[in-house]
Each structure stands twice: as structure tokens, then as C-alpha cells.
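# fold the following for me, if possible:
(chains A and B)
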2 protein chains.
Amino acid sequence: MRAEIISCGTELLLGHISDTNATFLAQSLASLGVDLYHVSQVGDNQERVVETLRRALERSDLVVMTGGVGPTEDDLTRESISALVGEEMRVDPVLEQELRARFAGRDMPERNLKQATLIPSAQTLPNPRGSAPGWFVQKDQKIIVAMPGVPREMYRMWEEEAVPRLAPYLGGTIFTRILRVYGMGESTVEERLGELIHSSNPTVATYAKPDAVDVRISAKSATSEEAEKLVSEAEVQAREILGALIFGTNKDTLASVTGSLLQARHQTLSVMESLTGGLLASTITDFKTSSSHFIGGIVSYSTDLKAQFGVPRETIERYGVVSEETAIAMAKAVRMEIGTDFGISVTGVAGPDELDGKPAGTMHIAVAGPNGVVTGMGPGWRSSRSDNKRHAVNTALNLLRLYLEGRVEPK
Amino acid sequence: MRAEIISCGTELLLGHISDTNATFLAQSLASLGVDLYHVSQVGDNQERVVETLRRALERSDLVVMTGGVGPTEDDLTRESISALVGEEMRVDPVLEQELRARFAGRDMPERNLKQATLIPSAQTLPNPRGSAPGWFVQKDQKIIVAMPGVPREMYRMWEEEAVPRLAPYLGGTIFTRILRVYGMGESTVEERLGELIHSSNPTVATYAKPDAVDVRISAKSATSEEAEKLVSEAEVQAREILGALIFGTNKDTLASVTGSLLQARHQTLSVMESLTGGLLASTITDFKTSSSHFIGGIVSYSTDLKAQFGVPRETIERYGVVSEETAIAMAKAVRMEIGTDFGISVTGVAGPDELDGKPAGTMHIAVAGPNGVVTGMGPGWRSSRSDNKRHAVNTALNLLRLYLEGRVEPK
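Numbering: from 1, shown residues only, chains lettered A, B, ... in the order given. Predicted structure coming up:
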């Protein structure tokens, strides 16, 4: 089954709101195994709505419309469907009664009456969360679902009213798993995956995210067990290729993965950061149970504060504040001073200007733990100060992850 | 001029991301006085991209495309444009050189080379934030702008590369100024602005941003001086209405405004934060000259660390870690210990779970300075842990701003 979404509303075309209804419906259609090839937004103009709908019905079996079913003059979805299928809108007495009941005691503006109309090919989709019912139209082997644009009304109507009516037309379900990869660019990941990228069921695709490259594996089958099996087979192959670059699945983050590892071992963490200016601690504490393992952090924007927290002034003077030696001293110092099992440090030049003769983007990272210290460096200037900070945070957390997984040799 | 947006990417049609690029472009087109009648999303399939683009060019003068300009096989925007206009893609030697320079020292996968191609009708749109340049195509009285789908790359490319090239086609020039407002919800700001919101030149519109409500004033006129004059007249009225709620204009942030005020007075700042877990320091250090005024921060996720930094254990035991008294003690302690003119503290419950019987979202903030202490509270639980953190950071920086501007009375 091929589906298409049409979102109606001039407020979308003025950028006043984002079309999150389309995102919700797209996710749901994917999980139902329905192919979605097109999403269109169109303003409150009957000619353009009719034209967009005509085209959608030419190339798709199912058209899901949101918006334009309210009572005002610029709500034109019902009128557009009626015009296109050539059927007249009539007030349905049951719907009228229900509508008037919502206005109990108050005068109902007459224009609201159009919310109680139907055409012969349409069933009504009840809307207990609002005044506008939806339409489920079946005509000439095609289906049109028309729903309100208000998300909470639409979500319920879609899941509880529309999907059950669509069930007889759907074949199979989709299962998806995401592998999260750190330490390699998207195009290289794709190249390494080779033939896997060209398979059709499951499909394998890469996506660059701010904190990782995602490898998404999706399969379609009659049952969700079969679909999951197809995904798992491809996952085994992807894991053979990418190995330790994969740090987690689905909603895992480097902060959640390292946090969970530390918590499982009853170990604790502290950080001392300059380059990242607090973003490392903030990323760690985005993980909701972080207070179980994260004890504290020092944002050491001055040499005095580093010294106050146990970094030898001699090391800073001898090697410079941006150096591997200072990074190691910072990680060891924060681990000792705050008294945690692990200490991470980040020092570097956030940019855009250079510092002490070191170019923007230079960074040194160290992780001190029970077995010694591991260090890492950044690859130079990214495109902005905030990118540099984010990149350093990812590199630091990944270094901690490799340490915890025993994949690097502490010294 | 009639415009149309095409967003390319199967991840949109699977609902993995929302099409916020279209929202950004729709807002910008509206402010440029360009009519936008259609937005389409299409997957990574050349036949469908070409068909969608063909139709867009039939009915619109300008087609703005995002996505599909990366290096991988499913990036098909360049190929689709070339197929439609009937021109061959060739590697441009200058672009190739720039691309290879980005891979300095590393092997560039050969597939990346397609990011260095052009067709005769296309100019390149530089992309300093990423590896994929855009295309500005002029053919048969129509214009196609093709840009990356990564928002931060696209935003810059649109504003700094595409819009200036479009200027000759727009009637008159547009002048825009944004007033940044903190401390009042978007709908209330809109209500207060009253008649201003309904004026047509300049237009005045409100936008909710993560760190402020933006009031965007845009005027169109034959010369930019005239347009600026129209904007300034409306600005005077808006400032009379909103007063001290306005903390800055255009690209100002609470961090840049407070940072600039401190630097102008040669004063310094430190922070001690628990609820915000490092995000306050990180936000302060996003301002690029922050090392001139920001000395350091303590992320005090444990009572011991608070005590180690001078917060009396007695205060914490008596009033609880999440209390106004503890917030005041933290702000005073960090100011003294790090030796700065101002100290900010944030303590609270980030959530989603409650802490010590205080509900998630509870927050206490204090700013200690040369004239005493001011305090603030948060308004309770927002929709997520990261929303709570961000909201506390905004509240804290705004409190510092009000203190520095002499708009609150320290005790």
C-alpha cells in the first residue's frame, strides 16, 4: 500500500508552526509497513488543496490529510474532497445532534454546522477531544482519511479510529533497530558496510547525527518476529564490520552507555574541563540517573582554579595549559580531589582565536582511572566554537567508554 | 515571486526527523515578501525527486531544495537537477581542491568527489560549515537553490549565500530587526503588542525560541534606509510596551549581553550549579570572549563538593539542598572561593523523579554580587529534564542581567 500525507494550513507555509503531524503519521505508517513516498503542505486555498489531492490520488492508494476541518471559512478540507469525488456535503442528523450537545446552553454559530456534514462515500471518525469529527472516505479503490490539525485530537483519531479501519488493507509489519557508531565519518561507515547498504529487506542506511553516525536497519515481514529476525541477521554482519565503533543501539548515548557501565560497577566519575566550559558535565548529567555515578565537575577557565584543584603549577608552566601533560595532571587531580574512581579532563582552544600560540581546535583529553591514564587528541578546528566543544565532549566520553570496555591500554 | 520548498530525505518520510528546515525557510520567505504556496517532502529516489521538481518548476519561480547533497549514493539532488535541466555534472577543479583540503592527511573516499561537481547553469554556494557546497541554478527564468539538509549548514548558506543572490529578483529591499524578549510567554507578548501585530509594513511577528521570545520587525521599501526607518518607528512602540523585558537585539543572547556588561566594567563571574549540571557554565562559555570575565564553575552534584567549596553543611542540613537558603549560600561561597565580582548558583530537581520530597522542576537561583544577593525561582516542571535545565539557565542569566542593569534590588 502506498500512502501520501497532505497537511493543510497557511500557518505552515508562513513558518508559524512545524509540521510535526506529518512526522507522527510517517512514523506510524512505517511501523504499519505502509510505504510513504510524498508529504505535501498546502495553504488554505481550495483550488490548491483540490489540485494537491487530485495528484495524490493518482499516485497513492491512501491519502492522509490533517488540518482544515474546523468551522471557519478557511477550513476547506471537506469542501475539497467533496469537489474532487463529485459528491454533495449533507448535514448528518446524528452528527448535528452531537455537535449541538457540545454547545449545550450556548448558541452555536451556524458556520459550525459544516462540522456535522458527510458525503455518501465518507464514514465519520469520532473526535471526543474536539468539535471536528474526521472523515474516512472510500471511493474507487482509494482511501482518504481527513483529520483535525490539532495534534492531540489527531493522534487519538489516527490510532483509535483510522488505523483499525485501515487494518484490512495492510500486509506485514516493520521492525527497526539503530546501531550507534562513534569514531568514523558517515561516508566511510557507508563504504565499509558495502553490500549491506544495497539490500532491500532489511534496508540498511546511515545518518549523521551530532553525537554519532546512526546505522538504521529496518525489515518488513508478515509478523514482527520474522521482521526482527531479518534485522538481527543484518545486525550480526554490521557488527562484524564495525566492531568496537558501535557503542549502543536505538536511544543510547555515550553518556547513557558510560553512565550505565559505571553504575553497574558501582563506580563514580568527576571531570575537570576548560575547553568544553561545562558542556562535558552537562552532557553527562543529561542522563537521567546520572546523580548515581557523577559526583561533580570543575570548569577551570583559569590557571588559579586548576592549581586550587590540585594541578601542579609546575606542569602548566613547563608544558603549557593546552598540553597532554596538563590534561593528564587535570584528570588525576580531579579524580583525587573529588575522590572518584574515574576523572576526565579536557583542555584546549575552543576558538575562534588561537591561545598561547596553539591554533583553535587543539584539544587534549585524559581519562584517569583505577588502572592508569589514557589520553586522546582532537583533530583540529571544526566549523565553530560550539562544534569544537561538542566534538571534544563526544571524544572524551568515547575515550571513557573504550576504557570501561577494556579496549584501550591505560598507562 | 512564487516559491516552493522541496525537502529531500527518506528519514523525513520515515518520521525520524521533522522538517524544521521548511519552517525556517517559510519564515524567511515570508519576511522577504515571497509567496510560498507549496512544501513537499520526497524520499531519496531520483524518479520521484525529478517528478516533484518538474512540477514545482511548472508552477513556481523559485524552488528551494534541502537535503540530498551529501556524498552517499542516496544523495540525489544534484543528479535530479541535472537530469531535469538536461546538463551534465562535471567536477569543478576549484571545488575539488577545496574538498580535498578538508580531508588533509586522510584519504578521501572517491564518492565524495560528487560534492565538487557543477552544471553550466549552476553557481556554487559555499559551505564553510560542512563538506557539501550548494547550487544556485538559473535556467529559463526559473531559479533552483539546492542546499544541505543539516540545519546549521543550511541556515548559514541560505542567509549569507542564497538570499543575497536572490536580492535582485525581490521587489525592493527588506530590513529586519529582532527584539529579544525574556520573561513573558509568546502569546502574552503578542497580545501586548496589540495593533502592531496587524500592521502590514513593517510586519511585526513573534516567535518562541529556546532562549527567548523573538519579536521580528521587518519592513520592505525601495531603499534599505527607508526600510530601516520604518522598522525603527515600530521598534520605539514595541520598546514602550515591553520595556525591560527586551534584553537585546538580533543575535544577542543572555550570555553575550551579560558577558559584555561584565567586560565593560572589568568585572568577573563564577558559578556553582547542581540542577543544571554544567549547562550554565557551558552557555556562558558559548560567548566567544567569555574567558575575559568567566573564571570558573563548580558542578556540585554532591553535598560534599558543595561543602568543600564553602557552602555551610549546617545550611544544607537545616533548609535542604533544594532551598533558597542553600542557593544563597552557594552563590556567596563560589564568589568568595573563586574570588570573582559575581557568583551565580542554581539548585533544584532536574527530574523526571522528585528529590527529597521536592517535585521535579523545583529550582532556586541566586546571584551574589558587590551590592548583595538577588534570588529567583523556577515555575515548576517543564516537559523534560533538558527543558528544565535550559529553563533554569535562562532564568539565572536573566537574573544576572537584571542585577547588572540595576533593575532589581539586591539584599
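
# drop to CA atoms for contacts and neighbour counts, all remaining ones
OK.

# list the helices and strands the worst-scoring helix or strand of chain A on mean pLDDT packs on?
Ranked by mean pLDDT, DSSP states H and E, the weakest helix or strand in chain A is strand A:203-209, scoring a mean of 84. Judged by 3 or more Cα pairs under 8 Å, 6 or more residues apart in numbering or on different chains; DSSP states H and E, strand A:203-209 is in contact with helix A:186-193, strand A:212-221.

# what's the angle between the longest one and strand A:203-209?
Right, strand A:212-221. For strand A:212-221 against strand A:203-209, the angle by axes from the mean of the first three to the mean of the last three Cα atoms, to 10 degrees is 150 degrees.

# wait, does strand A:212-221 contact chain B?
No - for strand A:212-221, no contact with chain B is found by Cα under 8 Å from any Cα of the partner chain; the gap never falls below 10.0 Å.

# dump that strand to CSV, restricted to CA.
What follows is strand A:212-221 as a C-alpha-only set of coordinates in CSV (Å, rounded to 0.1, in the frame of the first residue of the first chain):
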residue,chain,number,x,y,z
ALA,A,212,27.2,9.6,16.3
VAL,A,213,26.6,8.1,13.0
ASP,A,214,23.4,6.0,13.0
VAL,A,215,23.1,2.8,11.1
ARG,A,216,19.4,2.1,10.7
ILE,A,217,18.3,-1.5,9.9
SER,A,218,14.6,-2.0,9.0
ALA,A,219,12.9,-5.1,7.9
LYS,A,220,9.3,-5.8,6.7
SER,A,221,7.6,-9.1,7.2
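
# mean confidence (pLDDT) on the helix or strand that comes right after it, please.
The C-terminal neighbour of strand A:212-221 among helices and strands, as given by DSSP states H and E, is helix A:224-242. Across helix A:224-242, pLDDT averages out at 95.

# mind listing what's buried along helix A:224-242?
A:224, A:226, A:227, A:228, A:230, A:231, A:232, A:234, A:235, A:238, A:242 (16 or more other Cα atoms under 10 Å in any protein chain shown).

# tell me, which of those make contact with chain B?
Of these, not one also sits near chain B (Cα under 8 Å from any Cα).

# returning to what we had before: the least confident helix or strand of chain A pairs with which strands, parallel or anti?
Its sheet considered, strand A:203-209 pairs with strand A:212-221 (antiparallel) by DSSP bridges.

# sec struct for the residue of chain A positioned farthest from its centre, please.
The C-alpha centroid of chain A is most remote from residue A:314, which lies 46.1 Å away (Cα atoms, centre = their mean). Secondary structure assignment for residue A:314 (DSSP: H, G, I helix; E, B strand; the rest coil): helix.

# any idea of the angle the least confident helix or strand of chain A forms with helix A:224-242?
Interaxial angle, strand A:203-209 versus helix A:224-242 (the same axes, to 10 degrees): 60 degrees.

# name the nearest residue to residue A:21, sequence neighbours excluded.
The shortest distance from residue A:21 to any non-neighbouring residue, by Cα to Cα, 6 or more residues apart in numbering or on different chains, is to residue A:151 (6.4 Å).

# need the pLDDT of that neighbour.
Residue A:151 is assigned 89 on the pLDDT scale.

# what's the spacing between it and chain B?
14 Å (Cα to the nearest Cα, to the nearest Å).

# and for residue A:270?
Distance, residue A:270 to chain B, by Cα to the nearest Cα: 9 Å.

# which helix or strand contains that residue?
Using DSSP H and E, residue A:270 maps to strand A:269-273.

# list the buried residues of that strand.
Within strand A:269-273, the residues scored as buried using 16+ other Cα under 10 Å are A:269, A:270, A:271, A:272, A:273.

# the second one is in contact with residue A:335, isn't it?
Yes - Residue A:270 sits in contact with residue A:335 when judged by Cα atoms under 8 Å, with a separation of 6.3 Å.

# mutual contacts of these two, please.
Shared contacts of residue A:270 and residue A:335 (Cα atoms under 8 Å, 6 or more residues apart in numbering or on different chains): A:342, A:343, A:344.

# need the contact list for the first one.
Taking Cα under 8 Å, 6+ apart as the criterion, residue A:342 is in contact with A:267, A:268, A:269, A:270, A:335, A:367, A:368, A:369, A:370.

# so can I have CSV of these showing distance to residue B:162 and pLDDT?
Listed next are those as CSV, based on distance: Cα to Cα, whole Å; pLDDT from 0 to 100:
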residue, distance to residue B:162, pLDDT
A:267, 52, 98
A:268, 50, 98
A:269, 47, 98
A:270, 45, 98
A:335, 50, 98
A:367, 44, 98
A:368, 48, 98
A:369, 50, 98
A:370, 54, 97
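
# for those residues, give me JSON lines that also has distance to residue B:176.
Listed next are these as JSON lines, based on distance: Cα to Cα, whole Å:
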{"residue": "A:267", "distance to residue B:176": "53"}
{"residue": "A:268", "distance to residue B:176": "50"}
{"residue": "A:269", "distance to residue B:176": "47"}
{"residue": "A:270", "distance to residue B:176": "46"}
{"residue": "A:335", "distance to residue B:176": "51"}
{"residue": "A:367", "distance to residue B:176": "48"}
{"residue": "A:368", "distance to residue B:176": "51"}
{"residue": "A:369", "distance to residue B:176": "53"}
{"residue": "A:370", "distance to residue B:176": "57"}
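
# buried subset of these?
By neighbour count, with 16+ other Cα under 10 Å, the contacts of residue A:342 hold A:268, A:269, A:270, A:335, A:367, A:368, A:369 as buried.

# closest one of the contacts of residue A:342 to chain B?
Chain B lies nearest to residue A:270 out of the contacts of residue A:342, by Cα to the nearest Cα, at 9.4 Å.

# which residues does that closest one form beta bridges with?
For residue A:270, the beta-bridge assignment (DSSP bridges) gives partners residue A:296, residue A:343.

# show me what contacts it?
Counting by Cα under 8 Å, 6+ apart, residue A:270 touches A:294, A:295, A:296, A:297, A:334, A:335, A:338, A:340, A:342, A:343, A:344.

# tell me how many other residues surround the last one.
To tie it back to what came earlier, the one meant is residue A:344. 32 (other Cα atoms under 10 Å in any protein chain shown).

# ditto for the second one
By other Cα under 10 Å, 22 other residues sit near residue A:295.

# just the third one next, same as before
Applying other Cα under 10 Å, we find 31 residues neighbouring residue A:296.

# where does pLDDT dip in chain A?
For chain A, the stretches with pLDDT under 70 are A:379-383.

# walk me through the domains of it.
Domains of chain A are assigned by automatic domain parsing as A:2-169, A:173-249, A:254-404.

# adding distance to residue B:65 as columns, could you present those in TSV?
Formatted as TSV, the domains of chain A follow (distance: least, Cα to Cα, whole Å):
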stretch	distance to residue B:65
domain A:2-169	14
domain A:173-249	19
domain A:254-404	23
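
# closest to residue B:163 out of these?
domain A:2-169 (17.1 Å; Cα to Cα).

# got the residues of the stretch 51-200 of chain A near chain B?
Residues of the stretch 51-200 of chain A lying near chain B by Cα under 8 Å from any Cα: A:187, A:188, A:190.

# does any bit of stretch A:33-47 sit next to chain B?
Yes - residues of stretch A:33-47 are located near chain B by Cα under 8 Å from any Cα, namely A:36, A:37, A:38, A:39, A:40, A:41, A:42, A:43.

# buried ones in that stretch?
Applying 16+ other Cα under 10 Å to stretch A:33-47 flags A:33-46 as buried.

# may I see those arranged in TSV, with secondary structure as well?
Output for the buried residues of stretch A:33-47, formatted as TSV (three-state DSSP):
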residue	secondary structure
A:33	coil
A:34	coil
A:35	strand
A:36	strand
A:37	strand
A:38	strand
A:39	strand
A:40	strand
A:41	strand
A:42	strand
A:43	coil
A:44	coil
A:45	coil
A:46	helix
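
# need the residues of the stretch 251-400 of chain A near chain B, please.
The stretch 251-400 of chain A comes close to chain B at residues A:276-282, A:285-286, A:288, A:291, A:294-302, A:305, A:338, A:351-352, A:382-386, as judged by Cα under 8 Å from any Cα.

# can we see that at 6 Å?
A:277-279, A:281-282, A:285, A:295-302, A:383 (Cα under 6 Å from any Cα of the partner chain).
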